[in-house]
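Colleague: Compute the structure for the input listed below.
(chains A and B)
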There are 2 protein chains.
Amino acid sequence: MIRFFESDPYAPIQYTYEVTNVLYKHKSRFQDIMVFENPFFGKILVLDGVVQITERDEFFYHEMLTHVVMNSHPNPEKVLVIGGGDGGTVREVLKHRSVKKVYFIEIDEEVLKVSKKFFPKVACGINDRRVEIKCMDGAEFVKGRQSDIDVVIVDSTDIVGFAKSLFTKNFFRSIKNCLTENGMFVSLSESLHFHKDIVVDVQETMKSVFPVVDLYTAPIATYAGNWWTFSVGSKKLNPREIRRKDKIRTKYYSSDIHKSAFLPKDMYDKLLKRRLGW
Amino acid sequence: MIRFFESDPYAPIQYTYEVTNVLYKHKSRFQDIMVFENPFFGKILVLDGVVQITERDEFFYHEMLTHVVMNSHPNPEKVLVIGGGDGGTVREVLKHRSVKKVYFIEIDEEVLKVSKKFFPKVACGINDRRVEIKCMDGAEFVKGRQSDIDVVIVDSTDIVGFAKSLFTKNFFRSIKNCLTENGMFVSLSESLHFHKDIVVDVQETMKSVFPVVDLYTAPIATYAGNWWTFSVGSKKLNPREIRRKDKIRTKYYSSDIHKSAFLPKDMYDKLLKRRLGW
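Modeller: Here you go, the predicted structure:
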């Protein structure tokens, strides 16, 4: 059997996948890109040795990254997606009828091409007329931009390497500046099982910039630690509250999941004080 | 680096752990038993090549297996724990003041000995005066027993090999017969990510015996698929409802977690109809 050993130096459990076929393998300007097939997950996209999406379970991550802030915002028209070159987040954003414009900023053009070729059901929204693609650094795109975006979604790789710039106070300040009055921002923030300190670091940095900060989770089998977190920074509105009645087709996200995904208040408080006892 | 490759033939992702020290390795009458040390998880207990508990995260499983039914039952006095030779479930059961008697049925005496030696904080309740230990098959213990147990907790290994007898209709019938009027029964039922069909099979078998059946989940990093499920069979009472005000010390379980751990009704219905779309 041919096996793929995930090479995530920050994960205390290493994940190994059976490989039935390697479909793509190339080093882009930014990273190693690989696509292989697995009997259970279907096609799998790997960047720098770490699994990014699988055909079978990508919707857990994309739905949960997208719909919490999109349904909490009262009327998201202009949305900025940074990263997520596979297109899954853009696909989910476009399910909301209120959306008039999506800025889609991906640093690595090759990821877009690979996704269009091997993951058409993920990349399907990329060519929508509302989407404007720019292949550049997300931090550069938001720098100096003023108050015209309703929702910002950061869909980056893990918080190491070149994605690190997307988790700094400076970047969060630029995000806040480019948000409208009811603006909301969400970013992945690693696993509560494996990277609790990183989760709290991201929360603390967000809190130094945004008046409202919160945290929710989703179970994602293919991300190390699985109990995956999403950090929300909001200029005013509480992201636990759902403000839209849009009917959107999802496989996992629902209004019940929206509510139960947020940590109970007492656990959240203990987490931030680094007093969870585990 | 020395590595332990988990050998779970039913998991589409294989988990690998760093091994700093092997503390115990022996084949008992029933299974291979191993204890090793890992830099992140501390000591890890392995049965037949599959991780059972780790010092770092065992409480997620033991608290969630125990407290949902114990807090939903109005007054659990007599409790039966089948399996869980490490003692973690018994430790959690004993936190409830109402408990007067715990029958602790573990088929493999060697697991008890190994846990007492290497996991004293897990095994700590085993010698409590309320606990009666019997080293025998749980299915034999319940056969023909009549209406004297308030809560039954099955804490077995995965639903393969010799644990299979703990998931049959006959076994569930015996459990129901030994329960009191408000009696409740809970068992692990594998991962919603990796073993969805097994989850539904267990639910269907339970439904053929118990008037009330439900399902809740918990995030457990060291069990394959992580989004771990627990199946409840109840003679009358709804397990989503909390009926006790006992203050018990826990690290993860809380009344909020109790409520949000159950699948939203619409997702649960789709799961049972095998129509989740994933």
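Colleague: Thought A:Y10 was touching A:D158, still the case?
Modeller: Yes: assessed by CB atoms under 8 Å, A:D158 is found in contact with A:Y10 at 7.0 Å. All C-beta atoms are positioned from the backbone trio N, CA, C, and that covers glycine.
Colleague: Between the two, tell me which one has more neighbours.
Modeller: Regarding A:D158 and A:Y10, a neighbour count based on other CB atoms under 10 Å in any protein chain shown identifies A:D158 as having more, with 22 against 15.
Colleague: which SS class is that one?
Modeller: Of the three states, A:D158 takes coil under DSSP: H, G, I helix; E, B strand; the rest coil.
Colleague: Run through the bridge partners of the spatially closest residue to it that is not a sequence neighbour.
Modeller: Distances taken as CB to CB, 6 or more residues apart in numbering or on different chains place A:V50 nearest to A:D158, at 6.3 Å, with adjacent residues excluded. Per DSSP bridges, the residues bridged to A:V50 are A:L47.
Colleague: In contact with A:F4, which residues?
Modeller: A:16-19, A:36, A:44, A:46 (CB atoms under 8 Å, 6 or more residues apart in numbering or on different chains).
Colleague: And it, its phi and psi?
Modeller: Backbone torsions for A:F4, taken as degrees, to the nearest 10, come to phi -110, psi 120.
Colleague: Quick check: next helix or strand after the longest helix along chain A?
Modeller: Looking across chain A with DSSP state H, the single longest helix is helix A:58-72. Sequence-wise, the next helix or strand downstream of helix A:58-72 (DSSP states H and E) is strand A:78-83.
Colleague: Can you give me the end-to-end span of stretch A:14-31?
Modeller: Distance between the two ends of stretch A:14-31: 20 Å, counting by CA to CA, to the nearest Å.
Colleague: buried stuff in it?
Modeller: Across stretch A:14-31, burial judged by 16 or more other CB atoms under 10 Å in any protein chain shown covers A:14-19, A:24, A:30-31.
Colleague: Let me have the contacts of A:F4 in CSV, extended by pLDDT and secondary structure.
Modeller: Putting those into CSV (pLDDT from 0 to 100; DSSP: H, G, I helix; E, B strand; the rest coil) gives the following:
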residue, pLDDT, secondary structure
A:T16, 96, strand
A:Y17, 97, strand
A:E18, 97, strand
A:V19, 98, strand
A:F36, 98, strand
A:I44, 98, strand
A:V46, 98, strand
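Colleague: and of those, the nearest to chain B?
Modeller: The shortest approach to chain B among the contacts of A:F4 belongs to A:T16, at 4.2 Å (CB to the nearest CB).
Colleague: that older thread, may I have the longest helix of chain A exported as PDB, CA atoms only?
Modeller: Provided in PDB are the C-alpha atoms of helix A:58-72 (Å, rounded to 0.1, in the frame of the first residue of the first chain):
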ATOM      1  CA  GLU A  58     -14.500  19.800   2.700                       C
ATOM      2  CA  PHE A  59     -18.000  21.200   3.400                       C
ATOM      3  CA  PHE A  60     -17.700  20.900   7.100                       C
ATOM      4  CA  TYR A  61     -14.900  23.500   7.100                       C
ATOM      5  CA  HIS A  62     -16.200  25.700   4.300                       C
ATOM      6  CA  GLU A  63     -19.700  25.900   5.600                       C
ATOM      7  CA  MET A  64     -18.600  26.600   9.200                       C
ATOM      8  CA  LEU A  65     -16.000  29.200   8.100                       C
ATOM      9  CA  THR A  66     -18.500  31.000   6.000                       C
ATOM     10  CA  HIS A  67     -22.100  30.900   7.300                       C
ATOM     11  CA  VAL A  68     -21.700  31.800  10.900                       C
ATOM     12  CA  VAL A  69     -20.600  35.400  10.100                       C
ATOM     13  CA  MET A  70     -22.700  35.600   6.900                       C
ATOM     14  CA  ASN A  71     -25.900  34.800   8.800                       C
ATOM     15  CA  SER A  72     -25.000  36.900  11.800                       C
END
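Colleague: Show me what that helix packs onto, helices and strands only.
Modeller: On a contact count with 3 or more CB pairs under 8 Å, 6 or more residues apart in numbering or on different chains; DSSP states H and E, helix A:58-72 meets helix A:88-93, strand A:149-155, strand A:179-191, strand A:212-219, strand A:227-234, helix A:255-261.
Colleague: Direction included, what does the third one pair against?
Modeller: Looking back up the chat, that one is strand A:179-191. Short version: by DSSP bridges, strand A:179-191 pairs with strand A:149-155 (parallel), strand A:227-234 (antiparallel).
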